[in-house]
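Trainee: A structural model of the following input is requested.
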Amino acid sequence: MRRNAVLLTILFAFAVTLISVTFVFWEFYKNNRAQYIDNIFNKYTVITQIYREHMMKHTSEAILEANLAVYGLSNIQGDAAVRAVFDKADILKRVGFQEVVRTMHFSNEAMHALDRVSDLRATMLESEGKIYFFLETPQGRFLLLDEQLRPYFPTHLLSAYLTIVFVIAWAVFIIWRRIRPLRILTKRVIRYAGGDRDVVFEMRGGNEIAILANELEQARKNINTLIESRTLFLRNVMHELKTPIAKGRISAELLAEPKQKARFNNIFLRLEQLINEFAMIEEASSGFGNKHIGTYRLVDLIDEAIDQSMLEPEMISVDVDSSERMACDFTMMATVIKNMIDNGVKYSPDKRVAISMEGKELVFENRGEKLRHPLRYYVEPFTKEHPARNSFGLGLYLVDAILHAHDLQLAYAYDEGVNRFYITAL
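Mentor: Just a heads-up that it's a prediction; the model follows:
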């Protein structure tokens, strides 16, 4: 989700805008519909006036229908027809009121007026796309079809709503098209960070994303040039250093005195180991040391480490199931185990190291004093517990660099005279 945060933000803004616009238009729709119904409902006053004149003057049904037809009204007769309308009708508006009818009466003495109050109720219905008026009076009930009026339909409002939604959707599409190169650039950066140095960042265009991509492309070229130069430099340095060391070892063999001969051989051997360690540290810390990851049995890694340490087998005890496997670079992980073995033997009074498994953690145990400083102190280059001892202080530094290149880490615990070093996941 974090990788699509920008796109999700745009979609969220689009959703909020769409919901807001829809709500506003829905309110407009309800208000306009209510106003429209109120306006057309006023026609019931015309209907009541026609019926009142009909009742007062006792006109014929033909005249009544003719008067109604002038206003586009037709009387629905027959119970079946009326019931068919009501079965499918929706009530739009209903109102009850009283009508006062004044009649004149004559007598021998004088003429006087008589007012009669009648309760009426008018209802406006919508059925199958037509408008009906239902009038209830003391004289009877009447259902009239209005052929002039039509139900409310928000044509203009709907057109405006769809236009605005289209504009918003088009704007979101344009924004998505604009940021799409950014997503492509992000994927390329991830590939480059994963070790693909041949990925190309260059993009066409003059916008900010294209400018950023082109600057990254130039930076990529510069970094690749530096890496190639560094690799060439290291190869030359290794070659130039190993050649005199090899010559020195050959010359040391010509010394007559055994003590001096052993001393010089030990010095040249340590120099060669130091050069190899420097090369491995550089490879692990550069981020390009995990190209040869494979799955190997732990016992094979430990056997290779023991062979490299050139220690006596009885100095190392191994309690690891043969089915245990690890995804790693074989050479580098064997070097890690070899350095942990060397470190344990060097600082243990009984010169013994035990290797075992606790869950998914590889454990190295040796007897000795507790470390005087936190573990992070010893993973720095050229640090050591006992300065008088013969140590270049790169062992744990190399271990830490290789483990981090494999997304692993080194942990430490001390319990009753036993030092425990754990290789565990980050």
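Trainee: just name the shakiest helix or strand of the chain by mean pLDDT.
Mentor: When each helix and strand of the chain is scored by mean pLDDT, DSSP states H and E, strand 90-106 comes last, with a mean of 66.
Trainee: phi, psi of residue 58?
Mentor: phi 60, psi 50 (degrees, to the nearest 10).
Trainee: how close does it sit to residue 322?
Mentor: Applying Cβ to Cβ, to the nearest Å, the value for residue 58 to residue 322 is 117 Å. From N, CA and C alone the C-beta is placed, and that goes for glycine too.
Trainee: what does residue 42 give?
Mentor: On the measure of Cβ to Cβ, residue 42 and residue 322 end up 96 Å apart.
Trainee: got the confidence number for residue 325?
Mentor: In this prediction, residue 325 carries a pLDDT score of 91.
Trainee: residues in contact with it?
Mentor: Shown in contact with residue 325 (Cβ atoms under 8 Å, 6 or more residues apart in numbering): 295, 296, 297, 298.
Trainee: in the helix or strand containing the first one, what counts as buried?
Mentor: Using DSSP states H and E, residue 295 falls within strand 293-297. Within strand 293-297, the residues that qualify as buried are residue 296, counting by 16 or more other Cβ atoms under 10 Å.
Trainee: contacts for that strand?
Mentor: Taking Cβ under 8 Å, 6+ apart as the rule, strand 293-297 contacts 322, 323, 324, 325, 326, 327, 328, 329, 330, 333, 406.
Trainee: what's the fifth one sitting at in phi/psi?
Mentor: Note on residue 326: backbone dihedrals following degrees, to the nearest 10 are phi -140, psi 140.
Trainee: likewise the fourth one?
Mentor: For residue 325, the backbone dihedrals are phi -130, psi 160 (criterion: degrees, to the nearest 10).
Trainee: is it in a bridge, and if so with what?
Mentor: With DSSP bridges as the criterion, residue 325 is bridged to residue 297.
Trainee: in whichever helix or strand comes after the strand holding residue 295, what's buried?
Mentor: Per DSSP H and E, the first helix or strand lying C-terminal to strand 293-297 is helix 298-309. Neighbour counts over helix 298-309 (16+ other Cβ under 10 Å) mark 298, 299, 301, 302, 304, 305, 306, 308, 309 as buried.
Trainee: ditto for stretch 395-407
Mentor: 395, 396, 397, 398, 399, 400, 401, 402, 403, 405, 406.
Trainee: okay, strands next: where are they in the stretch 251-400 of the chain?
Mentor: 293-297, 316-319, 325-329, 353-358, 361-367 (DSSP state E, counting those that start in this stretch).
Trainee: apologies, that question was intended for the stretch 51-200 of the chain.
Mentor: 73-76, 90-106, 111-127, 130-137, 140-146.
Trainee: pLDDT below threshold where in the stretch 201-350 of the chain?
Mentor: Filtered on pLDDT under 70, the stretch 201-350 of the chain yields the residue ranges 284-291.
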